[in-house]
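Peer 1: Generate coordinates for the sequence data below:
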Amino acid sequence: MYSRDVQFTVRLARSEQDLHAAQRLRYDVFVAELGGDGPLVDHDAKLERDRFDAYFDHLLLADESRGGEIVGVYRVLRDDQADEAGQFYSEDEYDISVLKSSGRRIMELGRSCLAEGYRGGAAMYHLWNGLAHYVADHGIEILFGVASFHGTDTSALAQPLSLLHHRHLAPEALRVRTVPAHYQPLNLVPEDQIDRRAAMLQVPALIKAYLRLGGFVGDGAFIDHTFNTTDVCLVMDTAQLNARQKAIYSKGAGL
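Peer 2: As a prediction, the model looks like this:
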């Protein structure tokens, strides 16, 4: 158990039933709500899944007031697990060699979602607090993973993508880059032509949360037509979290 209070618990999936609960929530969010698809998506059973599920750990947020219903998911893959999987999920979209050659413990985050009605507030706090305990337990130093804007029209996303490039680009030591065949520049609008307030309103809540915690974005976006998203790669060095950010992220986790 990674986190517990009267209403919420955070724990690892420990059975096929748990995994199906995670995949069913992912289907509700990524397929039914956002219009995604994929070769292994099971529309009859309403499960969003892929070949990496067998290698990832799945952190589950359960609402105990609703009989332990799974209402939040984080899929995590440590570097030692990636060796078994053959690659990180993100490597289909990003060149992460700068992280893999850093000599530091790295972990990929993905498929993060919350059920409708649980987004923001206490539910997200508990899921992240559970994640912080997991990170501390495994000595993880760098977190990374793909996060998405809904839609594939980069002209409609030019302002927020450009804001990320100008204000939140990762330092060279952490600067992953979109694979060459799919490189989509983030730098679409000069910095002095960005309406920062309007641009930030277009940035999804999860990406904004990572940025508040000291996260950065890699160089370039990836257009994922299968999932109807424009993806950016977020990177966070846990050693660089300032005291306030660390308190938000890891209360009670010993980071």
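Peer 1: which parts of stretch 62-72 are buried?
Peer 2: By neighbour count on 16 or more other Cβ atoms under 10 Å, the buried set for stretch 62-72 is A62, D63, I70, V71, G72. Any C-beta I mention is one placed from the backbone N, CA and C, and that applies to glycine too.
Peer 1: From these, which land in strands?
Peer 2: The members of these that map onto strands under DSSP state E are A62, D63, I70, V71, G72.
Peer 1: with those residues in mind, which one is nearest to Q202?
Peer 2: Distances from Q202 to these, taken as Cβ to Cβ, are shortest for G72 (23.7 Å).
Peer 1: so that closest one makes contact with R111?
Peer 2: No: at 11.0 Å, G72 does not count as touching R111 under the criterion of Cβ atoms under 8 Å.
Peer 1: so where do the strands sit in the stretch 51-200 of the chain?
Peer 2: 57-63, 69-78, 94-95, 106-114, 142-150, 177-178 (DSSP state E, counting those that start in this stretch).
Peer 1: Please name every helix or strand in contact with the last one.
Peer 2: Helices and strands touching strand 177-178, as assessed by 3 or more Cβ pairs under 8 Å, 6 or more residues apart in numbering; DSSP states H and E, comprise strand 94-95.
Peer 1: Put together CSV for the strands of the stretch 51-200 of the chain, with distance to D44 and mean pLDDT on each row.
Peer 2: Formatted as CSV, the strands of the stretch 51-200 of the chain follow (distance: least, Cβ to Cβ, whole Å; pLDDT from 0 to 100):
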stretch, distance to D44, mean pLDDT
strand 57-63, 22, 96
strand 69-78, 20, 95
strand 94-95, 32, 98
strand 106-114, 20, 93
strand 142-150, 25, 94
strand 177-178, 34, 98
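Peer 1: Pull up the distance across stretch 176-184, start to finish.
Peer 2: Criterion Cα to Cα, to the nearest Å; first-to-last residue distance in stretch 176-184 is 13 Å.
Peer 1: Need the nearest residue in space to D37, chain neighbours excluded.
Peer 2: Take D37 and drop its neighbours on the chain: the residue closest to it by Cβ to Cβ, 6 or more residues apart in numbering is T226, 5.8 Å away.
Peer 1: pretty sure the one you found is touching G36, no?
Peer 2: Yes: under the criterion of Cβ under 8 Å, T226 makes contact with G36 at 6.8 Å.
Peer 1: Would you mind telling me which of those two has more residues around it?
Peer 2: G36 (20 against 10; other Cβ atoms under 10 Å).
Peer 1: Quick check on the more buried one: phi, psi?
Peer 2: phi -80, psi 170 (degrees, to the nearest 10).
Peer 1: Quickly note the distance from it to H168.
Peer 2: According to Cβ to Cβ, to the nearest Å, G36 and H168 sit 25 Å apart.
Peer 1: ok, now which ones touch M200?
Peer 2: M200 makes contact with P160, L163, K208, according to Cβ atoms under 8 Å, 6 or more residues apart in numbering.
Peer 1: Return the member of the residues you listed nearest to F222.
Peer 2: Distances from the contacts of M200 to F222 were compared by Cβ to Cβ; the smallest belongs to P160, at 15.4 Å.
Peer 1: ok, now how distant is the closest residue to the closest one other than its chain neighbours from D95?
Peer 2: Spatially, and ignoring its direct neighbours in sequence, P160 is nearest to Q202 (4.2 Å; Cβ to Cβ, 6+ apart). In this view, Q202 and D95 are 26 Å apart by Cβ to Cβ.
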